[in-house]
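> I'll drop the sequence and a predicted model, then ask my questions.
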Amino acid sequence: MRRQGLNLTHVAMEQSDISDKKILIIGPNWLGDGVMAMPAVQAYKKAFPQTHLTMLVKPKMADLWTMHPAIDEVWTCPENFPGILRTAGMIRRNNFKTAFILPNSFRSALPPFLGLVPERAGFKGHFRSLLINKIIRRPESPPHYHQRYECAAILGVSLEDDEPPRLNIRGRMIEKARTLLSPEKKWIGLMPGAARGEAKRWLAEYFADLGRTLRSKHGFMIAVFGSNSEKDLCAGVRCGIGADALDLSGQTTLPELAAALSCCAAVVGNDSGGIHLAAAAGAAVVAVYGITDPEKTLPLGRKIVVLQESVRHLRDIPRRSKEAENTLRKITPQAVEEKLFELL
């Protein structure tokens with residue numbers, strides 16, 4: 001049984017005999033982090049197939065986890081304190097024995113603490129030592145440096161290095177995507193946005209230049225993807241490519257976006273949640289990185305290439321960084337075109 005967008009109206013399950021197998025996972029707050037957590041969740045379900053996994057996330061993340069085959073239920077929690085209290089009451093009534101807290105924030109540890117979950121596992125820090133009673137040591141040395149291994153450490157499972165995130169993209173979603181992206185044509189997806197702002201955005205004119213080249217020189221159709229807040233950016237890229245480019249920004253739900261990305265031969269995008277979703281959907285991905293550390297946040301998939309001109313790699317990037325912006329400018333559309341065709 002799977003429930004999407006519960007908004008705290010969920011009724012406790014009737015089968016009390018499975019309470020010892022009910023596990024609560026506090027999911028990541030960002031799309032890319034959520035996708036990178038999936039291999040660890042998959043490994044946990046494989047190791048303990050009889051467990052009932054409930055994923056608790058912010059409302060914007062619910063659609064992602066409804067596509068994940070290892071999750072049995074998805075709950076959403078409002079970000080305000082009254083909502084957290086109501087969530088805690090739900091947790092208490094459902095008698096979870098263990099909660100795995102994947103985000104690092106104080107707020108993420110509050111619902112299972114207030115919900116009296118006996119075992120609450122996560123990393124220390126952010127003044128939440130009193131809220132977590134099973135402190136997990138963070139893996140920091142290669143080959144377990146990637147963020148997916150942090151999630152695996154919290155869940156207490158081992159990962160196969162080549163295990164990709166898995167999404168259930170339902171047939172009706174593929175059918176809808178094919179009404180937008182004609183199957184008779186070959187599509188390249190462009191994702192010019194990034195939630196962290198300019199420090200992670202390749203120049204819009206570079207995206208447009210690349211799109212024009214792929215269209216005129218190689219005969220690809222171009223689809224531009226982005227969130228509702230990125231509509232102006234995507235519209236500018238689409239106009240720079242030409243009238244036959246397709247702008248789908250703000251026009252798809254997250255499952256519809258995943259389906260559309262799966263219909264693309266390849267996707268080019270910034271260091272953002274979108275490229276992680278594209279990789280999980282099965283598309284080949286060319287990711288343009290500024291100064292982010294790709295060893296920590298490399299998209300997980302079968303065909304991934306990262307282009308980067310920085311010798312300095314950081315995990316946390318400010319929203320505005322001249323260093324990052326200047327580094328991104330050094331990556332030319334021609335370089336991305338070459339890597340794209342090596343990948344294909």
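Alright, I've got the coordinates. Predicted model, so just to flag it, every value in this text is computed and none were measured.
> Please look at A258 and A280 and confirm they touch.
Yes: contact status for A258 versus A280: in contact at 7.4 Å, counting by CB atoms under 8 Å. C-beta coordinates here come from the backbone N, C-alpha and C atoms, glycine included.
> Need the residues touching each of those two.
L167 (CB atoms under 8 Å, 6 or more residues apart in numbering).
> From L210, how far off is F220?
10 Å (CB to CB, to the nearest Å).
> what's the answer for T54, then?
42 Å.
> if we can go back for a sec, tell me which of F220 and L210 has more neighbours.
L210 (27 against 20; other CB atoms under 10 Å).
> Helices along the stretch 151-300 of the chain, start to end?
171-180, 204-218, 231-241, 254-262, 273-280, 294-297 (DSSP state H, counting those that start in this stretch).
> out of the ones you listed, nearest to T66?
helix 254-262 (7.4 Å; CB to CB).
> so what does that closest one touch, helix or strand wise?
Applying 3 or more CB pairs under 8 Å, 6 or more residues apart in numbering; DSSP states H and E, one finds that helix 254-262 contacts helix 62-66, helix 171-180, helix 273-280.
> ok, now with 6 Å
helix 62-66, helix 171-180 (3 or more CB pairs under 6 Å, 6 or more residues apart in numbering; DSSP states H and E).
> looking only at pLDDT, what's the mean for that helix?
In this model, helix 254-262 has a mean pLDDT of 96.
> picking that back up, deepest in the core, which of the helices of the stretch 151-300 of the chain is it.
helix 273-280 (a mean of 29; mean count of other CB atoms under 10 Å).
> Now do the strands for the chain: every range, in order, please.
22-26, 52-57, 73-76, 98-101, 119-122, 134-135, 187-191, 221-224, 246-247, 266-270, 284-289, 304-308 (DSSP state E).
> For those, please prepare CSV with the additional fields mean pLDDT.
Shown next, in CSV, are the strands of the chain (pLDDT from 0 to 100):
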stretch, mean pLDDT
strand 22-26, 97
strand 52-57, 98
strand 73-76, 98
strand 98-101, 98
strand 119-122, 97
strand 134-135, 96
strand 187-191, 98
strand 221-224, 98
strand 246-247, 97
strand 266-270, 98
strand 284-289, 96
strand 304-308, 95
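> What distance do you get for the nearest residue to A281 once chain neighbours are set aside to M173?
Leaving aside its sequence neighbours, A281 sits nearest to S262 (CB to CB, 6 or more residues apart in numbering; 4.0 Å). As for S262, its distance to M173 is 9 Å (criterion: CB to CB).
> got it, and V306?
Taken as CB to CB, the span from V306 to M173 is 28 Å.
> now I84
Taking CB to CB, one finds I84 at 32 Å from M173.
> Could you tell me how many residues sit around K45?
20.
> Surely it touches P69?
No: counting by CB atoms under 6 Å, K45 stays clear of P69, with 8.0 Å between them.
> In contact with K134, which residues?
E119, A121 (CB atoms under 6 Å, 6 or more residues apart in numbering).
> For it, give its distance to A235.
Counting by CB to CB - K134 and A235 are separated by 48 Å.
> and the residue lying closest to D293 once chain neighbours are set aside, how many residues sit next to it?
Closest residue in space to D293, ignoring its immediate chain neighbours: H313 at 3.7 Å, by CB to CB, 6+ apart. Here the number of neighbours of H313 (other CB under 10 Å) works out to 14.
> Now do the contacts for Q308.
Q308 neighbours (CB under 6 Å, 6+ apart): Y289.
> Any idea what it is bridged to?
Y289 (DSSP bridges).
> From Y289, how far out is it?
4 Å.
> With R107 instead?
29 Å.
> Which one's more surrounded, those two?
Y289 (25 against 17).
> L328 reaches I291, doesn't it?
No: shown here, L328 and I291 do not form a contact pair, counting by CB under 6 Å, at 8.9 Å.
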